[in-house]
Every structure is written in structure tokens, then in C-alpha cells.
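K.L.:
one predicted model, sequence on top.
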Amino acid sequence: MSIADIHVCAARFQSRVRARNLREHAVAVLLLPVFGWIAWIVPEPLVKIGAGLIIAAVIYVSVRLATTARAASIRDFAEAESWLAFHRAELVRQHKALRDVWWWYLAPFAPGMLVFFAGTAFTADNPAPLFAKAIVFVICLAFTAVVFAGVGWMNMIGARRVQAAIDALDAAR
């Protein structure tokens with residue numbers, strides 16, 4: 001690969017990372033007021049706690065996205081010894097973020113979702129029998145598990161693609 005090719009690949013990669021992060025931050029901007037409103041208006045204590053935990057998860061994930069999985073800056077390139085070293089280091093950093101998505105992106109939401117669903121399913125205001133409440137709770141957890149699995153799977157595919165790009169760079173050296 002020529003330096004120009006590496007420069008183009010690096011610029012394209014950074015652009016994709018910026019676009020991904022912008023989408024994620026836009027979702028966070030939507031989730032914060034929604035769960036804040038739920039925590040404010042719903043009288044059920046477990047729902048309030050669950051919504052608060054989800055808000056905390058959104059903030060935590062947004063901070064991690066802005067630090068761990070952020071797009072590189074001009075300063076990052078200035079500190080690199082070459083375009084090749086810069087691009088490889090960025091690929092490695094994003095690979096780690098994608099590979100570890102279960103721990104820093106999905107896991108923080110699990111406690112809030114669990115408490116939120118428990119609060120909505122088992123509220124005293126719900127006249128359904130306990131068995132029906134339990135079914136609703138399990139369905140909500142199952143749906144969440146499927147969504148989490150899908151997000152984890154897509155990120156693992158992304159991690160494999162980034163690893164392939166790292167391997168291609170290493171082979172080109």
C-alpha cells in the first residue's frame with residue numbers, strides 16, 4: 001500500500017467512526033429526556049430507579065464512546081510516527097472497543113433494564129395475576145436479550161472486519 005492509499009483508508013475509517021459516534025450520541029440525546037420524563041412522571045419506585053439506572057448507563061456509555069471509541073484527532077496523528085503507525089493504532093483501538101462492546105456498551109444497561117421491567121410488570125397497579133406479570137417480565141427480558149445479542153453480533157462482525165484490516169496492513173509492511 002502506498003502512503004496515499006493508507007491516508008485514504010485512514011480518512012475513510014475515521015469518517016465512519018465519527019458518523020457512528022454521532023448516531024450513538026444522537027440516540028443518547030433522545031434517551032435521556034425520555035427516561036428522565038418516565039422517572040419524573042411514573043409513581044412506581046422500581047420504574048423510577050430503573051429509569052435512573054438507564055440514564056446512568058446512557059451517560060456512562062456516552063462518555064466511554066467519547067473517550068475509548070472516539071475518532072482520532074489531528075493531535076493523535078501528530079504524535080504518531082507515520083500514517084501507517086497512526087492508522088494501525090486507530091484500527092487496534094477501535095477493534096478493542098468493538099470486541100469489548102459487551103462490557104462497556106451493553107452490560108451497563110442490564111441492571112436498569114431489569115429493574116425497569118420488574119417495576120412495570122410487577123407494579124401493584126397491575127391487576128393481572130402474578131403468573132401473567134411474570135410472563136410479561138420474561139418476554140421483556142427475552143426481547144432485550146435478543147436485541148443485546150444482535151448488537152453484540154454486529155459488533156463482533158465489525159471487530160472481525162477491523163482485524164482483517166489490521167492483518168492486511170501488517171502483511172503490507
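P.N.:
Noted; the coordinates are in hand.
K.L.:
find the residue at the geometric middle of this protein.
P.N.:
For the chain, the residue whose C-alpha lies nearest the mean C-alpha position (CA atoms, centre = their mean) is residue 105; its distance is 3.9 Å.
K.L.:
thought that one was touching residue 68?
P.N.:
No: counting by CB atoms under 8 Å, residue 105 sits too far from residue 68 to count as a contact (9.7 Å). All C-beta atoms are positioned from the backbone trio N, CA, C, and that covers glycine.
K.L.:
what's near enough to touch residue 44?
P.N.:
For residue 44, the contacting residues are 119-120, 123, 125, by CB atoms under 8 Å, 6 or more residues apart in numbering.
K.L.:
how about residue 52?
P.N.:
Residue 52 sits in contact with 35, 39, 112, where contact means CB under 8 Å, 6+ apart.
K.L.:
separation between it and residue 77?
P.N.:
Going from residue 52 to residue 77 by CB to CB, to the nearest Å gives 40 Å.
K.L.:
circling back to that earlier point, dump the contacts of residue 52 to TSV, plus distance to residue 133.
P.N.:
Below are these laid out as TSV (distance: CB to CB, whole Å):
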residue	distance to residue 133
35	22
39	21
112	19
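K.L.:
quick one: find the helix or strand in this structure with the lowest mean pLDDT.
P.N.:
Among the helical and strand segments of the chain, the one scoring lowest on mean pLDDT, DSSP states H and E is helix 74-79, with a mean of 73.
K.L.:
counting by contacts, list what that helix packs against.
P.N.:
Here helix 74-79 touches helix 83-99, going by 3 or more CB pairs under 8 Å, 6 or more residues apart in numbering; DSSP states H and E.
K.L.:
and for residue 36, the neighbour number?
P.N.:
A count of nearby residues for residue 36, using other CB atoms under 10 Å, gives 15.
K.L.:
if I look at the closest residue to it other than its chain neighbours, how far off is residue 35?
P.N.:
Distance criterion CB to CB, 6 or more residues apart in numbering; nearest residue to residue 36, sequence neighbours excluded, is residue 55 at 6.3 Å. Between residue 55 and residue 35 the computed distance is 5 Å (CB to CB).
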